[in-house]
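Asks: need coordinates for the following:
(2 chains)
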Amino acid sequence: MISFVTVYDDPSSQQMIQNVLSSELQPLCVDDTSKLPAELPPAFLLAFHLSQCQGVGVVEESLKRLVGGDSTFPTLYGSLAKHVNWITRNWDSVLGLIVLSGPGVPANTQTDITELICRLPGERVRPVGFTSPSTLRSGLTMCHPPWTHLENASPGAVQRLIDELCGSDASVESALQLLCALLPFGLLWEASCETSSQSGLIRAKRDVCLDEFQGFERFIADAVLNGIDGIADATRNPAVARIDFRLSKSTATSFMEECKAHNAKVEAKCQTSLALALQFLTDSQSLPEWNSRLGSLRDVLLLEAPEAPKE
Amino acid sequence: MTLEHPSIATALRAAGLLYGRLTAKLADAPLFVAWSSLDVLALRPEYAWLSLKDTVCIQLPNTLANITSALHAASRVSKSADYLRLQKPVGQMDSSLRCLANEIASDKERAAARLSEIHRFCIKRWPGWFDTPLHSLKQLLRVGDRPASTALVECLLKHCGRAAVYDCFKQFFHGAGRDIVNQGPGPSRASIDYFLQGHIDMSDVIEVFTEDPWWPGLAKALCDVSSQIDATGAPREDVDAVSPRLESLRESVSRLSETLDALVGGQKVAQESLRLAESELAEVMDIISKISEERESLRRTVEEECAHAEASVH
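Replies: Residues are numbered from 1 along each chain as shown, chains lettered A, B, ... in the order given. Next comes the predicted model:
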């Protein structure tokens, strides 16, 4: 379990941060690191709110210890200074550091801070700026990819953020689940020895052990079963239309190019990327074609991970 | 058998390819099944073993015939010593750093991709230990400084085993859920000391221990540390650097536990036993402090030596 710890020196920020993030992450909000409880979670994100101009020299010296080197730093704002020692001590446990610069901080200083913070050890620092909950969201979406998932601050989006911070990628995860649900059909098609026509696929459909699948994989397997009986059934299936699996714009473009390269009769009206993918696959007329298309789908999904679903 | 994703096993079972007896035979086999490019996955330290010649690798989708034959072939391959070494993080890091050293000279792009994977691996496995040198290495690779990059890699190779060992103690130090010195042995020692000086009664001492019986937790934590050190796959000399201290800690906690259990259990404990317990508590605190100092010293050494390695080539 990852907790989200926010530290800031402007009390008005507390409600703002909680409004945006609290429902899922239950942030631990304090206005000074000295007020953090002794028992910190084993891993957490840390957010600072910079709203007051403080001693530049102290900040420089402290940050030099973190960043290393003999760089000189421009004017800095910040509660960051008084917290730097704390960060150093607890750096092992800090999964991410977000610096939230308040409305009083000039744009050029925000840039300076951003550049500086980006040089902190590792890649756990995510500088953002905000003035209100809505701009916090948009600020987060403009930063490093993990924060794009906070755009809607929904439970699913936050879960994906957590997954990414834990080292897994929800987009790749769902792509792999999709591919795995599709795999047995081709293997059993080969076993049917009727690899040059769809009759082998229809036979394979009877042999797939659906009991092995659960959740998303079971859903995909069912959709393929329907699709084998007729493309229209699968793509117009309301359940398929509802599934939350979309490709990013660039991935979708490259997928459509793959479809064209295969001369696939894909219909632009397919409501979701999933429907499109299933139609592309179940339209295969032979096993080699099925395997080739599944390979294309794999490359599109895994070489360029799709964006998180919009919720 | 290692799968890129657990759903692969589900899919193979759904197709009737994976069944009880075969699954058992493949449990420890050097077999890897994945959807992603094996060439790309091989950049990850976790998958360093993919480069071993006896490893059976399959990228999906693949034909039924190829998958079946690979599964059966893998079930007959025995695990080599190299395979076992590359199942543990220090072996994985060591192998990846050696590959990186070669790629710095031959393939800058692949070296940069591998370095990103190494950095991710280190953040996950040993957060905070190698951030600065890896960050420097990224910059050196970017500017094409081969000698300094190689020197930095050698420095990392030298220290990764010992850092992995000391990292196993992180649960005792900052950021951990419990301050093992100040919340356990510290108050316990103080209460015995006050009692022996006549400042408090035995009932007060017993209350301190009853309120927070910390020693079984510490004993378990020490066992966990031992297991974690074994699991790192660090070289013997790195493990031996902390083994004596760890053993002393375990012995002290074991001796302490007898006295403290008796106290909490309402048995009469002689003053001499309390004196011994107080001295064991001091020993426990002293050893933990020393480990903490060594850990911090190693952390500084890693950073300083890496910085020196980088600077010395210029």
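
Asks: tell me which element residue A:263 is part of?
Replies: Counting by DSSP states H and E, no helix or strand carries residue A:263.

Asks: how far away is it from residue A:288?
Replies: Residue A:263 sits 14 Å away from residue A:288, taking Cβ to Cβ, to the nearest Å as the criterion. Heads up, the C-betas are built off the backbone N, CA and C, glycines and all.

Asks: kindly report the same for residue B:103.
Replies: Taking Cβ to Cβ, one finds residue B:103 at 36 Å from residue A:288.

Asks: neighbour count winner among the two?
Replies: Comparing residue B:103 with residue A:288 by other Cβ atoms under 10 Å in any protein chain shown, the one with more neighbours is residue B:103, at 19 against 13.

Asks: quick check: which element contains the more buried one?
Replies: Secondary structure assigned from DSSP H and E places residue B:103 in helix B:89-106.

Asks: name the helices or strands packed onto that helix?
Replies: Taking 3 or more Cβ pairs under 8 Å, 6 or more residues apart in numbering or on different chains; DSSP states H and E as the contact definition, the neighbouring helices and strands of helix B:89-106 are helix B:108-125, helix B:146-167, helix B:215-232.

Asks: dump the ones you listed to TSV, plus distance to chain A.
Replies: Compiled in TSV, the helices and strands packed on helix B:89-106 are given as follows (distance: least, Cβ to the nearest Cβ, whole Å):
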stretch	distance to chain A
helix B:108-125	5
helix B:146-167	9
helix B:215-232	13
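
Asks: residues in contact with residue B:105?
Replies: With contacts taken as Cβ atoms under 8 Å, 6 or more residues apart in numbering or on different chains, residue B:105 has the following neighbours: B:146, B:150.

Asks: show the subsequent helix or strand relative to the longest helix along chain A.
Replies: In chain A, assigned by DSSP state H, the helix with the most residues is helix A:170-191. Towards the C-terminus, the helix or strand next in line after helix A:170-191, according to DSSP H and E, is helix A:198-207.

Asks: now that next one against helix A:170-191, angle please.
Replies: Orientation check (axes from the mean of the first three to the mean of the last three Cα atoms, to 10 degrees): helix A:198-207 against helix A:170-191 gives 110 degrees.

Asks: of the helices and strands packed on helix B:89-106, which approaches residue A:204 most closely?
Replies: The closest of these to residue A:204 is helix B:108-125. By Cβ to Cβ, the value is 37.3 Å.

Asks: so what touches that closest one?
Replies: Taking contacts as Cβ under 8 Å, 6+ apart, the residues outside helix B:108-125 that touch it are A:122-124, A:167, B:40, B:43-46, B:89, B:92-93, B:96-97, B:99-100, B:103-104, B:129-131, B:134, B:137-138, B:141-142, B:144, B:149, B:164, B:167.

Asks: of those, select the buried ones using a PyMOL command.
Replies: In PyMOL, this line selects whichever of the contacts of helix B:108-125 come out buried by 16 or more other Cβ atoms under 10 Å in any protein chain shown:
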select buried, (chain A and resi 122+123+124) or (chain B and resi 43+44+45+46+89+92+93+96+97+99+100+103+104+129+130+131+134+137+141+149+164+167)
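
Asks: just checking, which helix or strand of chain B averages the lowest pLDDT?
Replies: The weakest-scoring helix or strand in chain B, judged by mean pLDDT, DSSP states H and E, is helix B:20-26 (a mean of 84).

Asks: other SSEs contacting the helix or strand hosting residue B:272?
Replies: When elements are defined using DSSP H and E, residue B:272 is found to belong to helix B:271-312. Contacts defined by 3+ Cβ pairs under 8 Å, 6+ apart place helix B:271-312 against helix B:131-143, helix B:146-167, helix B:185-196, helix B:243-264.

Asks: chain center to the second one, what's the gap?
Replies: With Cα atoms, centre = their mean, to the nearest Å as the basis, the distance from the averaged C-alpha position of helix B:146-167 to the chain average is 16 Å.

Asks: any buried residues in that helix, and which?
Replies: Of the residues in helix B:146-167, those buried under the neighbour-count criterion (16+ other Cβ under 10 Å) are B:148-153, B:155-156, B:159-167.

Asks: hmm, back to that, now the helices and strands packed on helix B:271-312 as a markdown table including mean pLDDT?
Replies: Output for the helices and strands packed on helix B:271-312, formatted as a markdown table (pLDDT from 0 to 100):
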| stretch | mean pLDDT |
| --- | --- |
| helix B:131-143 | 87 |
| helix B:146-167 | 94 |
| helix B:185-196 | 88 |
| helix B:243-264 | 92 |
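
Asks: of all the ones you listed, which one is nearest residue B:233?
Replies: The closest of the helices and strands packed on helix B:271-312 to residue B:233 is helix B:146-167. By Cβ to Cβ, the value is 8.0 Å.

Asks: so that closest one versus helix B:271-312, what angle?
Replies: Here helix B:146-167 runs at an angle of 170 degrees relative to helix B:271-312 (the same axes, to 10 degrees).

Asks: which other helices and strands does helix B:146-167 contact?
Replies: With contacts defined as 3+ Cβ pairs under 8 Å, 6+ apart, the packing partners of helix B:146-167 are helix B:89-106, helix B:108-125, helix B:131-143, helix B:215-232, helix B:236-240, helix B:271-312.

Asks: and those helices as TSV, adding distance to residue B:56?
Replies: Compiled in TSV, the helices and strands packed on helix B:146-167 are given as follows (distance: least, Cβ to Cβ, whole Å):
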stretch	distance to residue B:56
helix B:89-106	19
helix B:108-125	22
helix B:131-143	32
helix B:215-232	25
helix B:236-240	31
helix B:271-312	37
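
Asks: of all the ones you listed, which lies closest to residue A:192?
Replies: Taking Cβ to Cβ, helix B:108-125 is the member of those nearest to residue A:192, at 40.4 Å.

Asks: mean confidence score for that closest one?
Replies: Confidence over helix B:108-125 (mean pLDDT, whole number) is 88.

Asks: low-confidence ranges in chain A?
Replies: Counting by pLDDT under 70, chain A has low-confidence residues at A:1-171, A:173-174, A:215-216, A:230-253, A:265-273, A:303-311.

Asks: try it again with 90
Replies: Within chain A, the set of residues satisfying pLDDT under 90 comprises A:1-178, A:192-285, A:297, A:299-311.

Asks: ok, and what's touching stretch B:51-66?
Replies: Residues external to stretch B:51-66 that are found in contact with it (Cβ under 8 Å, 6+ apart): A:179, A:183, A:186-188, A:190-191, A:291, A:294-295, A:298, B:8, B:15, B:17, B:29-38, B:42, B:49-50, B:67, B:70, B:73-74, B:77, B:80, B:82-83, B:86, B:95, B:99.

Asks: strands - which of those residues land there?
Replies: With strands defined by DSSP state E, the entries of the contacts of stretch B:51-66 inside them are B:31-34.

Asks: distance from the helix holding residue B:103 to the middle of the chain?
Replies: For helix B:89-106 - counting by Cα atoms, centre = their mean - the centre lies 19 Å from the chain centre.
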